[in-house]
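In: What follows is a predicted structure for the sequence shown.
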Amino acid sequence: MTTLDYLVLFGTILGIATYGVLATRKVGGLDTYLKGDQRIGWGTIGLSVMATQASAITFLSTPGQGFKSGLSFVQNYFGLPLALIIVAGVFLPIYRRLKVYTAYEYLGKRFDGKTRLLGAALFLLQRGLAAGITIYAPAIIVSSVLNWPLGITVLGTGILVVIYTVTGGSEAVSLTQRYQMSVILIGMGVAFAVVLIKLPSDVSAEGALAVAGAMGKLNAVEWKFDINERYTVWSGIFGGLFLSLSYFGTDQSQVQRYLTGRSLRESRMGLMFNAVLKIPMQFFILLLGVLVFVFYQFERQPVFFNEAVWESQKQGAHAETFAGIESRFDAVEDEKSIAIKSFLRARESGSAAAEETAKTQMLTLADASAAIRVEAQEALVAADAQAKASDADYVFITFVLNYLPQGLVGLLVAVIFCAALSSTASELNALGATTMVDFYRHVYKKDADDAHSLKASKWFTGMWGVVAIGFALFANLLENLIEAVNILGSIFYGVVLGVFLVAFFVKWVRGTAVFWGALIAQALVIVLFFQLEISYLWFNFIGCGLTMGFALILQAIRGNQPVSA
């Protein structure tokens with residue numbers, strides 16, 4: 001990175017963070033700290049909701065997902081628009097009518113204290129771990145770019161976001177996310193344009209897509225019903241629906257974002273903003289990864305994209321093995337590049353037979369290249385048992401650092417950093433609020449006034465920042481980060497959603513039945529996760545169904561007594 005890149009990077013990051021601190025340095029009270037001033041319009045709500053979900057993991061890992069697997073990951077979001085319509089129509093009006101700080105307060109009003117604490121505890125568990133992952137993701141980038149130790153980079157990232165989140169609360173999060181999301185959208189648009197420009201002059205955009213399609217990267221929809229297939233239309237619609245319902249409807253990091261709206265209408269429009277734009281945005285980012293894949297068919301690509309790890313092994317005890325793998329990989333890549341251009345010429349000639357022959361040769365060499373990449377990953381793990389075999393998270397940043405012009409490198413690194421800060425800020429804000437409202441003030445300090453509760457909220461937010469930073473130090477044990485977050489959510493979200501759906505729609509079920517039903521269901525989901533080799537998205541559906549089923553059975557056993565909402 002050049003001096004200009006550093007100026008763009010640090011100017012963007014520190015400028016937005018400083019704005020967040022200064023604009024909200026005089027928080028009016030607990031209500032403002034937890035909900036903002038509730039004068040926020042639908043546009044800011046929409047960007048804030050989007051920024052909360054679209055963490056650095058989205059912009060770091062999703063292009064890598066597109067590079068490796070093509071567009072199929074977009075099916076993960078097929079259930080999201082319907083989920084947001086349900087949240088806007090059912091969940092949101094109830095939260096606003098009851099004037100709750102957290103979603104779990106509603107469970108206390110509808111059921112009892114222990115069910116409220118269970119819902120809050122499940123949120124704290126999974127979101128606390130996820131916050132660590134969202135801090136770790138940009139730390140990979142900064143440590144690679146600046147050659148800093150990863151641990152120090154994690155600390156720096158975490159401390160920065162903790163400062164402005166603790167200072168300004170929910171309003172600081174929403175205000176900074178508006179600008180962070182703007183930088184993100186501009187930066188990704190620039191990256192998309194650059195990768196098209198960087199393609200060889202004799203390869204058109206249409207030709208690039210033809211290559212991607214021939215290599216199976218444009219298969220965005222899989223209609224086959226197979227629960228063992230990770231991404232299909234059915235897992236996306238059903239599993240994705242339940243994942244999105246739970247995330248947007250019961251996860252406090254999202255609930256807190258749309259409760260800041262000045263009216264029910266503004267909050268609903270903010271959610272609909274995401275219902276319309278989320279799938280196109282994810283498709284666009286995956287397509288960016290696909291185009292980076294095509295770009296690397298004509299440019300030398302690393303045999304392993306975490307080049308620092310690869311180079312260290314090339315200089316170690318197994319140097320000859322790693323040099324040999326790299327040499328064979330480069331030779332196959334050269335042949336494949338020639339075969340791809342032959343394929344494109346054959347397409348232009350109009351000869352179906354010539355096109356099919358060239359395509360077969362291209363795919364044969366692509367398979368050979370992929371096999372060597374697998375061999376490289378196995379060699380890394382054999383040389384170092386602690387090595388991370390997957391390099392998908394390094395694909396996009398490698399392209400950014402090596403091929404973008406001066407200034408734009410800093411902008412794209414700032415994009416990923418902004419995404420990390422915005423998402424982590426939402427998570428820490430929600431974790432602090434939930435701990436204070438649902439545990440501290442509900443169980444320990446019931447007579448706490450607003451001034452005391454405000455101080456407690458800031459302390460708890462800072463505490464969760466420390467926890468997230470601590471977990472981030474161990475996040476390198478994970479494979480692809482975007483999948484890791486969704487897997488983690490899928491283990492817990494379905495159960496939490498089941499509790500809320502019982503609360504909304506099954507009025508005769510009481511707290512004790514749903515409490516024990518949720519505990520049994522959560523235990524079963526964890527066991528099934530380790531026993532069944534099915535798409536993780538289905539665990540959202542399974543967890544929700546088990547919770548509702550057990551709650552109904554237990555209530556029937558206890559006696560079918562009516563209860564008011």
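Out: Cool, got the structure.

In: and the gap between the nearest residue to Asp5 once chain neighbours are set aside and Gly189?
Out: Leaving aside its chain neighbours, Asp5 sits nearest to Gly410 (3.3 Å; criterion: CB to CB, 6 or more residues apart in numbering). The way it works is simple: take the backbone N, C-alpha and C, and place the C-beta from them, glycine included. Shown here: Gly410 relative to Gly189, a distance of 16 Å by CB to CB, to the nearest Å.

In: out of these two, which sits in the busier spot?
Out: Gly410 (26 against 12; other CB atoms under 10 Å).

In: Assign a three-state SS to that one, would you?
Out: With DSSP: H, G, I helix; E, B strand; the rest coil as the basis, Gly410 sits in helix.

In: dump the residue contacts of it.
Out: Met1, Leu4, Asp5, Tyr6, Leu7, Val8, Leu9, Thr12 (CB atoms under 8 Å, 6 or more residues apart in numbering).

In: backbone phi and psi for the fourth one, please?
Out: Torsion angles at Tyr6 (phi, psi; degrees, to the nearest 10) stand at phi -60, psi -40.

In: Now do the contacts for it.
Out: Here Tyr6 is in contact with Gly410 (criterion: CB under 8 Å, 6+ apart).

In: Equivalent analysis for the last one, please.
Out: The neighbours of Thr12, taking CB under 8 Å, 6+ apart as the test, are Val183, Gly410, Leu411, Ala414, Phe417, Cys418.

In: Return the member of the residues you listed nearest to Lys224.
Out: Ranked by distance to Lys224 (CB to CB), those are led by Cys418 at 38.3 Å.

In: what number of residues lie near that closest one?
Out: Count around Cys418 with other CB under 10 Å applied: 27.

In: Return the distance of the residue found closest to it once you drop the neighbours it is linked to in the chain relative to Ile186.
Out: In space, not counting the residues next to it along the chain, Cys418 is nearest to Gln180; the distance is 3.9 Å by CB to CB, 6+ apart. Distance, Gln180 to Ile186, using CB to CB: 11 Å.

In: So those two - more neighbours on which side?
Out: It is Gln180, of Gln180 and Ile186, that has more neighbours when counted by other CB under 10 Å, with 30 against 12.

In: close enough to count as contact, that one and Ile416?
Out: No - judged on CB atoms under 8 Å, Gln180 makes no contact with Ile416 at a distance of 10.8 Å.

In: Make sure the residue nearest to Cys418 is indeed in a helix.
Out: Yes - counting by three-state DSSP, Gln180 is located in a helix.

In: mind listing what it touches?
Out: Counting by CB under 8 Å, 6+ apart, Gln180 has contacts Ile16, Ala51, Cys418, Ala419, Leu421, Ser422.

In: Most neighbours among those, please name it.
Out: Going by other CB under 10 Å, Ser422 tops the contacts of Gln180 with 32 neighbours.

In: What is the subsequent helix or strand relative to the helix or strand hosting it?
Out: For Ser422, the element it lies in under DSSP states H and E is helix 408-434. For helix 408-434, the following helix or strand on the C-terminal side (DSSP H and E) is helix 450-472.

In: Give the buried residues for the helix holding Ser422.
Out: 408-434 (16 or more other CB atoms under 10 Å).

In: distance between it and the chain's centre?
Out: The chain centre lies 11 Å from the centre of helix 408-434; the measure is CA atoms, centre = their mean, to the nearest Å.

In: which regions of this structure sit below the pLDDT cut-off?
Out: By pLDDT under 70, the weakly predicted segments of the chain are 19-39, 53-57, 141-142, 144-146, 168-177, 227-228, 386-387, 475-486, 560-565.

In: No further queries at this time; thank you.
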